[in-house]
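K.L.:
Got a predicted model here, sequence first, then my questions.
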Amino acid sequence: MASSGEKYDDCLAVNGLTNEAKISAFLIQNVVAYAKAQTFVFLARAGHTLMARTSVLVSLLVAIASLDHAALAAPAGKSSAAATPTSTSLLGYNPANIVINENTDNIDYQLAEEHEWQLLQHRYEWELPFCRKSKVKCSGTRPNCRNCLKRKKGCTWPSTPAPGGYYQILDYAEVESGTDGRVLKGSGPILDGPVRGDCNSACVLPEAHLLQRLLGIFLARHHDGELCSFLHKPSLDMSVLAVRSPFLVMSIISLSALYIPDDEALRDFGFEAVALSDNYARSARRYAQRLSDEPSVYNIQAYLVLAIRELITWTNLKAWMYAGTAIRMSQALHLGLEFNQHSPGQKEVRRRTFWACFVVDRLISYSFNHPFAIDQLSARVQLPCPENSFAFEEDYSGPSLDNILLHTNQLSQLGITPFYITMLQLWGNMATLHTSGGRRSSKYAPTDPEGEFYKTAKAIDNFAAALPPSLRWSPQNYKLHQVTGQAQAFVNLNLLLFHSRCVMHQEYLPQLDSQYSLATLQVDEAASYDAAGLSLDYSDVPIIECCIDSVHALTDMATMLTQGTEQDQQLLQSPFAANALMTSAAVHLWILYTQTCDKCPKDVAEVNFAKLLDIIRSWQSRWRVACAWAETLEMLRNLYSFSYGTAVTVDFDYWETGTDEITESPTLVEEAGDANGAHPGLGDGDGIVDPSAIAQRLHDKVKGIMLNPLYATDVKKHNLRVYCRTVWQHMWNMWSFEPLESFDSDLIIQ
């Protein structure tokens, strides 16, 4: 066989060909040689489909040989781009991605391994234009060759793939996604280049090992929790996924980049972690805008990942909107229906993608104080199958939300995920009662069997009682599920269980403000009673004890994980935990300012509140939304301190100065030219309820603060001023008890 150098000389000796045609002919010859060398791969895969594989291989070789002959016979002066396809689009495919689909066993075999193809291509890589012009040998190292480094010049590489380089994400104009997520057009150029550069330039993928690092972060942080493990890990290849769905890859990178240490991010990417995430998020948003009317499973997954990223970075209402788009697409593709004609593996991907929509819908809707978009009745698809069945793409028939209680003795066969999703549904039912009006709209007492609160609480108790002992929270069970790789689902399940037993119960914690009202003041009597006719001072001991016990369980759980390993701390850092910790902190404040019993010591409540606030603050370096949660808890503490404290004078005008204007949001990384410089969250003109128009009881004010932690900071400060002013007007001259502390105007967040 002729050597590579002899082949190249033969190509150059062909008369009448342009240099581009000579190079194309040379590359085609190597493709032919490579395809012949790979014949043994097909012949080695003996079986009932051997003839089919051989037939396809022969047809491919004949086609390549024809193109080889056509390239060498190209007329003089004609561009090789018109006469023969380039090496990256031979026969309309990248050779690394030519697959044979065998319907008999639903397995895809790649004709050429991508790594081998890239190594072959790298051997005949073009030199840099600068090196050719200077007639010096090019080292071929990327992103900058040695010659350019010496001369401090930027390398400009030609449009060819290179192993270990940065692959450019396809422009939307070159990609058309079908309903199954496959790319229907050519792959387009894949360019080298560093990640550093203008944020508005084309975004590029990191090197292969860095891309794998980002994928590992995504799988460890969010994939198994909020996203129900919707990616098929055994077949997951990020370089292939980047061609099929660049939108999904951009979303994954933008989310994963938040967790990279800054020194590592600067060394490998040239950005700090949050800035790197913002860079890829901008690219993902461009895809989100362009693909909003093209439903596919890949696009749904991308919108969900991007929605989570926008939630934890507190970027206005983007999270809510992206989640809504994903849900609409899932409904358009009927992901909530079980009966379809897909393969077992495809069916499970569709199921898990639907359940991811279900989870993200409840998570983001609660965070933004909006109603859920997916009703339980529309969830008619079975719960996710065990991981082994998914990995091997086995046909599976399992339980649904309606009959999961019949399978509580099959934990080893089902895994934790079905129970976690069922608990999420029950938590969502209870959370809806709280966000949709609470006791102000419930016409039934909490102990009335006809009331929704009673029914939902009973359903939660029945589910908790039916759970196998190994699913109940304890340090021993936690270690057990760490070994089985299901620790994230186990933690989330118990967070939801404890939170469901205090999220609505906290509305029945009596405040003390009514007993300090003066008879001379005109107090709205209707505001002193809920929709069931119960006084806001109504006290139900079992409900209060259930709430306090659940809050203590959540606090102990969070403390244990925080004091554990780095992996333990990562499992706690989730939106589920944040919601639960916010409620727990609010209840600790209630204990601190209202209770005097031995069961609820004030010093313990104060310490517990500080612990939970510190946990949330520890997330602020990467989660901007943690700033919103922390400042909300601080505002609630200020409201309690002001309501149950005293002061001689209060300068309300001072609080008003310069605080009504929407200014800059609390960001941790400066972002020049970001989103008009406006606050994240809703502004005054976005239909927010006038705080002076709601009932002026402390119960309503506490709820008004806690239900809307993602409002713009200035909006929350304005609401707090209104709440404190009305409290002062009604209570400043009425104190009949020893104050907990004197009021200080500096308590109000400035």
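P.N.:
Perfect, I can see it now.
K.L.:
which residues of the stretch 601-750 of the chain score low on pLDDT?
P.N.:
Per-residue confidence for the stretch 601-750 of the chain (pLDDT under 70) gives these ranges: 646-687, 727-750.
K.L.:
what do you get if the cut-off is 80, keeping everything else the same?
P.N.:
Scanning the stretch 601-750 of the chain for pLDDT under 80 picks out 645-689, 692-696, 725-750.
K.L.:
Helices along that one, start to end?
P.N.:
In the stretch 601-750 of the chain, the helices defined using DSSP state H, counting those that start in this stretch lie at 602-617, 625-643, 652-656, 698-706, 713-731.
K.L.:
Kindly reformat the ones you listed as CSV containing distance to Leu276.
P.N.:
C-betas here are computed from N, CA, C, even on glycine. Shown next, in CSV, are the helices of the stretch 601-750 of the chain (distance: least, Cβ to Cβ, whole Å):
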stretch, distance to Leu276
helix 602-617, 23
helix 625-643, 18
helix 652-656, 39
helix 698-706, 33
helix 713-731, 25
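K.L.:
Is it possible to get CSV of those helices that adds distance to Ile300 and mean neighbour count?
P.N.:
Formatted as CSV, the helices of the stretch 601-750 of the chain follow (distance: least, Cβ to Cβ, whole Å; neighbours: other Cβ atoms under 10 Å):
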stretch, distance to Ile300, mean neighbour count
helix 602-617, 30, 18
helix 625-643, 23, 22
helix 652-656, 46, 12
helix 698-706, 32, 22
helix 713-731, 32, 20
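K.L.:
Ok, which of those comes nearest Asn429?
P.N.:
Smallest distance to Asn429 across the helices of the stretch 601-750 of the chain (Cβ to Cβ): 18.7 Å, for helix 698-706.
K.L.:
For Leu337, find the nearest of the helices of the stretch 601-750 of the chain.
P.N.:
Here helix 625-643 is closest among those (Cβ to Cβ), at 34.0 Å.
K.L.:
Could you name the helices and strands sitting against the closest one?
P.N.:
Packing partners of helix 625-643 (3 or more Cβ pairs under 8 Å, 6 or more residues apart in numbering; DSSP states H and E): helix 575-594, helix 602-617, helix 698-706, helix 713-731.
K.L.:
possible to save the ones you listed as JSON lines with distance to Phe358?
P.N.:
Rendered in JSON lines, the data for the helices and strands packed on helix 625-643 read as follows (distance: least, Cβ to Cβ, whole Å):
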{"stretch": "helix 575-594", "distance to Phe358": "14"}
{"stretch": "helix 602-617", "distance to Phe358": "26"}
{"stretch": "helix 698-706", "distance to Phe358": "25"}
{"stretch": "helix 713-731", "distance to Phe358": "30"}
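K.L.:
Okay, domains of the chain per the record?
P.N.:
1-124, 159-398, 405-508+540-619 (automatic domain parsing).
K.L.:
just checking, next helix/strand downstream of the biggest helix by length in the chain?
P.N.:
If you go by DSSP state H, the chain has its longest helix at helix 344-368. Per DSSP states H and E, helix 344-368 leads on to helix 387-391 as the next helix or strand towards the C-terminus.
K.L.:
pLDDT (mean, whole number) over that next one?
P.N.:
For helix 387-391, mean pLDDT rounds to 94.
K.L.:
Touching that helix from outside, list them.
P.N.:
Residues from elsewhere that reach helix 387-391, judged by Cβ atoms under 8 Å, 6 or more residues apart in numbering: Ser229, His232, Lys233, Pro234, Gly345, Glu348, Arg352, Pro384, Glu394, Tyr396, Gly415.
K.L.:
let's see 10 Å
P.N.:
With contact meaning Cβ atoms under 10 Å, 6 or more residues apart in numbering, helix 387-391 is reached by 224, 229-230, 232-235, 344-345, 348-349, 351-352, 384-385, 394-396, 398, 413, 415, 417, 484-486.
K.L.:
Buried ones among those?
P.N.:
224, 229-230, 344-345, 348-349, 351-352, 384-385, 398, 415, 417, 486 (16 or more other Cβ atoms under 10 Å).
K.L.:
Mind picking the two most distant members of those residues?
P.N.:
Checking these with Cβ to Cβ, the most distant pair is Pro344 and Gln486, at 22.1 Å.
K.L.:
Not including adjacent chain positions, what is the nearest residue to Leu363?
P.N.:
Nearest residue to Leu363, sequence neighbours excluded (Cβ to Cβ, 6 or more residues apart in numbering): Pro575, at 5.3 Å.
K.L.:
swap in Trp473?
P.N.:
Asn494 (4.1 Å).
K.L.:
What strand or helix carries that neighbour?
P.N.:
helix 487-500.
K.L.:
Can you list the buried residues in that helix?
P.N.:
By neighbour count on 16+ other Cβ under 10 Å, the buried set for helix 487-500 is 487-500.
K.L.:
hmm, back to that, am I right that the residue nearest to Trp473 is in contact with Ser470?
P.N.:
No. With contact defined as Cβ atoms under 10 Å, Asn494 and Ser470 do not form a contacting pair (11.8 Å).
K.L.:
what's the overlap in contacts for those two?
P.N.:
Residues touching both Asn494 and Ser470 (Cβ under 10 Å, 6+ apart) are Asn477.
K.L.:
Tally up the residues packed near Ser474, please.
P.N.:
As a burial measure, Ser474 scores 12 neighbours (other Cβ atoms under 10 Å).
K.L.:
Quick check: phi and psi at it.
P.N.:
Per-residue torsions, Ser474: phi -170, psi 150 (degrees, to the nearest 10).
K.L.:
distance of it from Trp314?
P.N.:
According to Cβ to Cβ, to the nearest Å, Ser474 stands 34 Å off from Trp314.
K.L.:
Give me the three-state assignment for Ile308.
P.N.:
What DSSP: H, G, I helix; E, B strand; the rest coil gives for Ile308 is helix.
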